[in-house]
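Peer 1: Pasting the sequence and the predicted model now:
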Amino acid sequence: MDQVDTKKKVLIVDDEPNVRRLLHSILSKNFEVFEAEDGRQAIEMANTQKPDVVLMDMMMPKMDGLTACHMIKNDPATKSIRVIMVTAIGFELNVKLSQQMGASGYVTKPFLSEDLLNKIAQVLTVA
């Protein structure tokens, strides 16, 4: 079997190109990586690419991450996709809102590559 076929898919959603590039470089060794720059693109990509995990920025133009997460988790076609919110704001309220919108995890920027990879592994092992 081809190794690419066994790679899990990760969708990076962030309006900052530098953040997308950084995440792509961290993840591309272990995952098949896709990118979107706002919540609307995230929903389209979730439907077309069926990623295993979405790394979703909270504050973006056009559609914020919480709204996009909620829409992904409430669509029967995409509800099984795990969403990890990635944001610069680590308020407890945001963690609670993320959970209410269906997010499987929460990572605060700046983060260590190892912590991010551990969080992805953690949500992928939860059935």
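Peer 2: Noted; the coordinates are in hand. Only a predicted model underlies this, so the values are computations on that prediction, with no experimental measurement involved.
Peer 1: my read: Gly102 touches Ile72, true?
Peer 2: Yes: using C-beta atoms under 8 Å, Gly102 makes contact with Ile72 at a distance of 7.4 Å. Yep, even glycine has a C-beta here, placed from its N, CA and C like the rest.
Peer 1: Comparing these two, which shows the higher neighbour count?
Peer 2: Of the pair Gly102 and Ile72, Ile72 is the one with more neighbours under other C-beta atoms under 10 Å, namely 29 against 17.
Peer 1: Name the helix or strand for the residue most central in space within the chain, please.
Peer 2: Compute the mean C-alpha point of the chain, and by C-alpha atoms, centre = their mean the closest residue is Leu55, 1.7 Å away. In this structure, Leu55 sits in strand 53-57 according to DSSP states H and E.
Peer 1: OK, contacts around Cys122?
Peer 2: Quick fix: residue 122 is Gln, not Cys. Contacts for Gln122 (C-beta atoms under 8 Å, 6 or more residues apart in numbering) come out as Gly105.
Peer 1: and it, that's in a helix?
Peer 2: Yes: assessed with DSSP: H, G, I helix; E, B strand; the rest coil, Gln122 lies in a helix.
Peer 1: Would you mind confirming that the residue nearest to the centre of the chain is in contact with Ile84?
Peer 2: Yes: in this structure, Leu55 is within contact of Ile84 by C-beta under 8 Å, at 5.4 Å.
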